[in-house]
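*Asks:* Got a predicted structure plus its sequence, pasted below:
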Amino acid sequence: MPDDIDAGVNQELIRMDRRQPDQPTELSWRLSPHICALSDGERHVGHVVKVGGRWHAFDAMHSNPRGDGFRSLGTFAGLESAKGAVETSYRHVPLAWAGAA
């Protein structure tokens, strides 16, 4: 990841297979100095927010246990680890939850 994240919004494309290996879905990260969001163009999959020097990762496709916010995936010292938690969470979403037709 480039060190010039403060220079503006960047995109990093990742490919993940949701249903079949021959039909990959493109997800893209929208990056800024304090919040990064992962989306597939139709759904907001998750995001990471920098608070107090740590990155907090959230699964935007599931509610937290109280049902009043996004499900927390934990806090991380590094951005890449937080993004990885969101990506891993998305890979493990059952097809019914991922919006598969």
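*Replies:* Cool, the structure landed. Numbers count the residues shown, from 1 in each chain.

*Asks:* Flag every buried residue along the host helix or strand of residue 74.
*Replies:* Using DSSP states H and E, residue 74 sits within strand 70-76. By neighbour count on 16 or more other CB atoms under 10 Å, the buried set for strand 70-76 is 70, 73, 75-76. Yep, even glycine has a C-beta here, placed from its N, CA and C like the rest.

*Asks:* same for it, what does it pack against?
*Replies:* For strand 70-76, the packing partners by 3 or more CB pairs under 8 Å, 6 or more residues apart in numbering; DSSP states H and E come out as strand 44-51, strand 54-63, helix 79-91.

*Asks:* what lines up beside it in the sheet?
*Replies:* Here strand 70-76 is paired, per DSSP bridges, with strand 54-63 (antiparallel).

*Asks:* residues in contact with the partner strand?
*Replies:* Contact with strand 54-63 is made by 43-50, 69-79, 81-83, 85-86, 89-90, 93, 97-98, as judged by CB atoms under 8 Å, 6 or more residues apart in numbering.

*Asks:* List only buried entries from the residues you listed.
*Replies:* 45-48, 50, 70, 73, 75-76, 79, 82-83, 85-86, 89-90, 93, 98.

*Asks:* Residue 41 reaches residue 26, doesn't it?
*Replies:* Yes - taking contacts as CB atoms under 8 Å, residue 41 lies within contact range of residue 26: 7.5 Å.

*Asks:* between the two, who's got more neighbours?
*Replies:* Using other CB atoms under 10 Å, the more surrounded residue of residue 41 and residue 26 is residue 26, with 11 against 8.

*Asks:* Quick check: the more buried one is in a helix.
*Replies:* No - read with DSSP: H, G, I helix; E, B strand; the rest coil, residue 26 is strand and lies in no helix.

*Asks:* Would you check that it makes contact with residue 42?
*Replies:* No - in this structure, residue 26 is not within contact of residue 42 by CB under 8 Å, at 11.1 Å.

*Asks:* about what we covered before: now render the buried residues of strand 70-76 as a markdown table, adding pLDDT and distance to residue 59.
*Replies:* As requested, the buried residues of strand 70-76 are exported to a markdown table (pLDDT from 0 to 100; distance: CB to CB, whole Å):
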| residue | pLDDT | distance to residue 59 |
| --- | --- | --- |
| 70 | 94 | 6 |
| 73 | 95 | 6 |
| 75 | 97 | 14 |
| 76 | 97 | 14 |
